[in-house]
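Structure here, sequence nowhere to be found:
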């Protein structure tokens, strides 16, 4: 007696979508069975269209994520005693598995990792410490400036164990340039005769260089008069 009927049978769809977010697929098994023996028949043995074994599914929108990424710590800034080490912090935007560095402002709502921390490789022992230089005592003609020099331990306690040969200078000369006289300042400020005034020769002959106005507009000519003996000017 032959087989009376051949029918398509399917399992239930898989519970989970193949994607964690966005569009994915669900699957199921499809078999062709007779209504008598219940054994599997070739997939082309059943009449009618074969039911689909794959269907699309939506696992929900993918979550875009912002997070801080930190680089490695740098070396300590000091070979001994107290120092500092730093690291970079980047704002990373993750979209569907792709990462991108974005402006740090976008991560402002997240707790930013520390990017600086103290470090100490070993104690330095006693050493010389200095303050900043003071202002120079004079603006010209060689003044001097001073600073304080102390021998201190790692705990900033005064000590007498620093080597005296290596003691830093506590006083030095400064502003060694000579001071300018009033005439020199005028000559320096007005290095040539003014192009707006064309009678400097007459100014010199009329001995008008004693007046500040003519000293300014005829600076070169007047300065030469100061260097010329008086008896020559009379001729």
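Here it is on my side, so go on. Computed from a predicted structure; not experimentally measured. Numbers count the residues shown, from 1 in each chain.

how about low-confidence regions in this structure?
Applying pLDDT under 70 to the chain flags the ranges 1-5, 35-44, 61-63, 181-198, 225-235.

Let me see the domain layout of it.
6-59, 65-121, 127-174, 182-225 (the TED database).

Would you mind finding the most buried of these?
Among the domains of the chain, domain 182-225 has the highest mean neighbour count (mean count of other C-beta atoms under 10 Å), at a mean of 15. From N, CA and C alone the C-beta is placed, and that goes for glycine too.

ok, the residue positioned nearest the centre of the chain - contacts?
In the chain, the centroid-proximal residue (C-alpha atoms, centre = their mean) is residue 88; its distance is 9.8 Å. Residues counted as contacts of residue 88 (C-beta atoms under 8 Å, 6 or more residues apart in numbering) are 70-71, 115.

Next: residue 144.
Contacts of residue 144 (C-beta under 8 Å, 6+ apart): 136-138, 171-174.

And for residue 79?
Residue 79 neighbours (C-beta under 8 Å, 6+ apart): 121-122.

Help me confirm that it is found in a helix?
No: Residue 79 is assigned coil when assessed by DSSP: H, G, I helix; E, B strand; the rest coil, not a helix.

how far away is it from residue 71?
Remark: distance between residue 79 and residue 71 (C-beta to C-beta, to the nearest Å) = 22 Å.

Ok, residue 60 next?
With C-beta to C-beta as the criterion, residue 60 and residue 71 are 34 Å apart.

same deal with residue 126?
36 Å.

likewise residue 169?
41 Å.

again with residue 78
For residue 78 relative to residue 71 (C-beta to C-beta), the value is 21 Å.

repeat for residue 15
In terms of C-beta to C-beta, residue 15 sits 42 Å off from residue 71.
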